[in-house]
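> here is a sequence with its predicted model. Questions after.
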Amino acid sequence: MENLNRLKAVLADAGQTNKWLAEQLGKDPVTISKWCTNTTQPDLLTLSKIAALLKIDIRELLVSTSPR
């Protein structure tokens, strides 16, 4: 499974939990867990909402495709 999002790391950096995010978005905590493990991916509208909740740029939620 390819990692496409950095949700788990970004939540940890913000000091927030999967449960907190699930409550904020009105989603099942299992759904958030699947996003954090890159089993499934949130849609772009949801990523935008997450970025707004965490007060970050949406690009911080994505794994870069640029070589470093």
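Structure's in. What do you need?

> and the longest helix belonging to the chain, what's buried?
In the chain, taking DSSP state H as the definition, the longest helix is helix 44-54. For helix 44-54, burial by neighbour count (16 or more other CB atoms under 10 Å) applies to 47, 49-51, 54. Every residue, glycine included, has its C-beta placed from N, CA and C.

> going along the chain, name the helices of this protein.
7-14, 18-25, 29-36, 44-54.

> for the second one, what is the average pLDDT?
Same thing as helix 18-25. In this model, helix 18-25 has a mean pLDDT of 98.

> same deal with the longest one?
Helix 44-54 shows an average pLDDT of 98 in the prediction.

> run through who's touching it.
Here helix 44-54 makes contact (CB atoms under 8 Å, 6 or more residues apart in numbering) with 5, 7, 10-11, 14, 16, 21, 24-25, 42, 57-58, 60-62.

> the third one now?
When contacts are taken as CB under 8 Å, 6+ apart, the neighbours of helix 29-36 outside the stretch itself are 5, 7-8, 11, 18-19, 21-22, 25, 40-42.

> reformat the residues you listed as JSON lines; add distance to residue 34 and neighbour count.
Shown next, in JSON lines, are the contacts of helix 29-36 (distance: CB to CB, whole Å; neighbours: other CB atoms under 10 Å):
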{"residue": "5", "distance to residue 34": "11", "neighbour count": "19"}
{"residue": "7", "distance to residue 34": "10", "neighbour count": "24"}
{"residue": "8", "distance to residue 34": "11", "neighbour count": "16"}
{"residue": "11", "distance to residue 34": "14", "neighbour count": "20"}
{"residue": "18", "distance to residue 34": "10", "neighbour count": "19"}
{"residue": "19", "distance to residue 34": "14", "neighbour count": "11"}
{"residue": "21", "distance to residue 34": "12", "neighbour count": "23"}
{"residue": "22", "distance to residue 34": "11", "neighbour count": "17"}
{"residue": "25", "distance to residue 34": "13", "neighbour count": "15"}
{"residue": "40", "distance to residue 34": "4", "neighbour count": "12"}
{"residue": "41", "distance to residue 34": "9", "neighbour count": "14"}
{"residue": "42", "distance to residue 34": "9", "neighbour count": "20"}
